[in-house]
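J.: Provided below for reference: sequence and predicted model.
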Amino acid sequence: MSDVREEYPAAFPVRQLLTAPVVGWALYDFANTIFSYAVVTRYFNDWITEQKDAPDWQLGLMLFGVGVALVVALPVSGALADRVGRRMPFLLAFTLLCVAATAALGAVEATVTALLLGGVAIFAFQNGLAHYDPLLADLAPERLRGRVSGFGAGVGYAGALIALVALGIAVGEGDNQRAFVPTAALFLLFALPCFVLVRERRREAAAGSVGEVARAALAQVGATLRRAREYGDVWRFLLARFLYVDAVGTIIAFMLVYAGRMGEMSAAAETALIGLSIVFAGAGALAAGAAVERVGPRRVLVSVLGLLVAAMLAAALVGGTTVLWLVGPVVGVALGTVATADRVFLLRLAPAVYRGEFFGLATLVGRLSSGIGPLVLWGGTIFVLADLTGAASEAGASRVAVVVLAAACLAGILVLRRIDDRPRAWSAG
């Protein structure tokens, strides 16, 4: 297997990476991390489960429903992008849908309506990412994509820090619902440079009309999975990603819920915990970008996810809120590392002609697992132990749920260790 890094000389001027397209691309990471902070991590879940007093399983059911919807939507949108030879129009459409649904959350009262709008926002957000991540191939040669990816993720977490301050002022100690309209406005504002500055390379369009391509994509979800199996390392990567994203996504979604059940934490302390995690996520993203170029994405992911497993087990065994000040930064580093290394890993494994399909499938796998985690591993564990059998308190059942998530992450690590992550001949495309 040839190493395509030889196509790019060691003296390639790294300063040329900080071009307008790279900065515009990175600012989209800045924008979408604001949404992720507000809706996925900080305000939405706490608003639903604590302020609206809905059980954990209802939130998990919504996330699972989003995952099922994405099973259909992601292959179709990926195939349509391949049909027209462009991803940017799809990124724009899903971004606008996400912004609109997020803004609408600021005006609703009924819990069911809030869950539906939250589902639409997350659905559009994840669809957008499936078209955003592959744009990395248009911005830098393979040898430097780890650095560009890390730069984008690092800028993204800077956006989350801005959101932490701005939304913290907007919400104060009051209703979390106040966060959603400012979130929508900030997302739109900082996403705009990507649409203005990034120029993707025109690719050869697939044959057939748009309708034919959409119908074929719906009929060939199984074929896409079979194609991924033909590329054994792609299949193993998707399986591993299903397992570790299950753990990472769920622990991020419920970290503050877990903290509240372990002891009293003020809103200011919760914000500070999230802020500390975000700082480490940004640092982890930047460090992972450089490390991926030196040792490859597999070793980086295995090392950091192993540390996360240890941190989750510590949180479950020790209990209380004090240990979370150590666990939070580790969760942040893991989140930043996954954001940086995942897309470089898949770019190495996926032939250019199938990138739209495989990136869509990877996002599908991540989103579906992030729905199963809250519904089955988290919500299911708590429902069985606390609500159904009364074998444990809600706090005790939450600690068991964290152990279950750690086991899922460990299983993902074991799968990752079997993948050859050396660049393929098609990585430069």
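T.: Perfect, thanks for sending it.

J.: In terms of helices and strands, where is Glu173?
T.: Glu173 belongs to no helix or strand when assigned by DSSP states H and E.

J.: now the nearest residue to it once chain neighbours are set aside: how far from Ala406?
T.: The shortest distance from Glu173 to any non-neighbouring residue, by Cβ to Cβ, 6 or more residues apart in numbering, is to Ala267 (5.1 Å). C-beta here means a position set from N, CA and C on the backbone, and glycine is covered the same way. According to Cβ to Cβ, to the nearest Å, Ala267 and Ala406 sit 28 Å apart.

J.: Those two - which one has more neighbours?
T.: Each of Ala267 and Ala406 has its neighbours counted (other Cβ atoms under 10 Å); Ala406 has more, 21 against 15.

J.: Now for the more buried one: which residues touch it?
T.: By Cβ atoms under 8 Å, 6 or more residues apart in numbering, Ala406 lies in contact with 247, 309, 312-313, 316.

J.: run the last query once more with 10 Å
T.: 247, 251, 308-316 (Cβ atoms under 10 Å, 6 or more residues apart in numbering).

J.: ok, now Arg417?
T.: 236, 240, 298-299, 301-302.

J.: among those, which two are most distant?
T.: Using Cβ to Cβ, the pair of those lying farthest apart is Arg236 and Arg299, separated by 15.4 Å.

J.: Those two: which is more packed in?
T.: Set Arg236 next to Arg299 and count neighbours by other Cβ under 10 Å: Arg236 wins out with 19 against 16.

J.: Quick check: the more buried one touching Leu346?
T.: No. Taking contacts as Cβ atoms under 10 Å, Arg236 lies outside contact range of Leu346: 11.8 Å.

J.: that older thread, what about the residue nearest to Glu173, distance to Gly332?
T.: In terms of Cβ to Cβ, Ala267 sits 19 Å off from Gly332.

J.: Leu189 now?
T.: Taken as Cβ to Cβ, the span from Leu189 to Gly332 is 25 Å.

J.: out of these two, which sits in the busier spot?
T.: Using other Cβ under 10 Å, the more surrounded residue of Leu189 and Gly332 is Gly332, with 25 against 14.

J.: got a pLDDT number for that one?
T.: Gly332 is assigned 88 on the pLDDT scale.

J.: Check the one 10 residues further on too.
T.: According to the model's per-residue confidence, Asp342 sits at a pLDDT of 85.

J.: And for it, the neighbour number?
T.: Neighbours around Asp342, by other Cβ under 10 Å: 24.

J.: what packs against the helix or strand hosting it?
T.: Element membership of Asp342 [criterion: DSSP H and E] is helix 324-349. Contacts defined by 3 or more Cβ pairs under 10 Å, 6 or more residues apart in numbering; DSSP states H and E place helix 324-349 against helix 20-35, helix 111-132, helix 145-171, helix 232-262, helix 267-295, helix 297-318, helix 355-372, helix 394-416.

J.: Just name the most buried of these.
T.: Comparing the helices and strands packed on helix 324-349 by mean neighbour count (mean count of other Cβ atoms under 10 Å), helix 355-372 ranks first with a mean of 25.

J.: Mind picking out the helix or strand in this protein with the poorest mean pLDDT?
T.: helix 210-219 (a mean of 68; mean pLDDT, DSSP states H and E).

J.: Show me what secondary structure element comes after that helix.
T.: Sequence order places helix 221-230 as the next helix or strand after helix 210-219, per DSSP H and E.

J.: contacting residues around that next one?
T.: 71-72, 74-76, 78-79, 216-217, 220, 234-239, 349-351, 354, 357-358, 360-362, 364-365.

J.: hang on, the earlier thing: would you check how far apart the residue nearest to Glu173 and Leu256 are?
T.: Counting by Cβ to Cβ, the gap from Ala267 to Leu256 is 10 Å.

J.: just Val39 next, same as before
T.: Applying Cβ to Cβ, the value for Val39 to Leu256 is 13 Å.

J.: between the two, what contacts are shared?
T.: Asn45.

J.: Pull the contacting residues for Leu388.
T.: 380, 382.

J.: for the residue nearest to Gly146 when sequence neighbours are not counted, what are its contacts?
T.: Leaving aside its chain neighbours, Gly146 sits nearest to Val292 (3.6 Å; criterion: Cβ to Cβ, 6+ apart). Neighbouring residues of Val292 by Cβ under 10 Å, 6+ apart: 145-147, 149-150, 298-301, 337, 340-341, 344-345, 348, 421.

J.: In this structure Leu361 contacts Tyr231, no?
T.: No. The criterion here is Cβ under 10 Å, and Leu361 misses it with Tyr231 at 11.2 Å.

J.: Overlap in contacts, those two.
T.: The contact lists of Leu361 and Tyr231 share 238, 350, 354, where a contact means Cβ under 10 Å, 6+ apart.

J.: where are the low-confidence patches of the chain?
T.: For the chain, the stretches flagged by pLDDT under 70 are 1-17, 141, 202-211, 213-214, 216-218, 220-221, 424-429.

J.: Of all residues in it, which one is nearest the centre?
T.: Central residue of the chain (Cα atoms, centre = their mean): Ala339, 6.7 Å from the mean position.

J.: The closest residue to it other than its chain neighbours and Val344, how far apart?
T.: Using Cβ to Cβ, 6+ apart and skipping residues adjacent in sequence, the residue nearest Ala339 is Ala153, 4.3 Å away. Separation of Ala153 from Val344 (Cβ to Cβ): 11 Å.

J.: any shared contact partners between the two?
T.: Among the neighbours of Ala153, those also in contact with Val344 (Cβ under 10 Å, 6+ apart) are 288-289.

J.: picking up where we left off before, please identify which pair of the contacts of Val292 lies farthest apart.
T.: Across the contacts of Val292 (Cβ to Cβ), the longest gap, 17.6 Å, separates Arg147 and Arg298.

J.: How about the contacts made by Glu181?
T.: In this structure residue 181 is Val, not Glu. With contacts defined as Cβ under 10 Å, 6+ apart, Val181 is in contact with 102-107, 170.

J.: how much space between it and Gln58?
T.: Distance, Val181 to Gln58, using Cβ to Cβ: 24 Å.

J.: Ok, Trp47 next?
T.: Separation of Trp47 from Gln58 (Cβ to Cβ): 13 Å.

J.: so who does the residue nearest to Glu173 touch?
T.: Counting by Cβ under 10 Å, 6+ apart, Ala267 touches 46, 168, 171-174, 176, 256.
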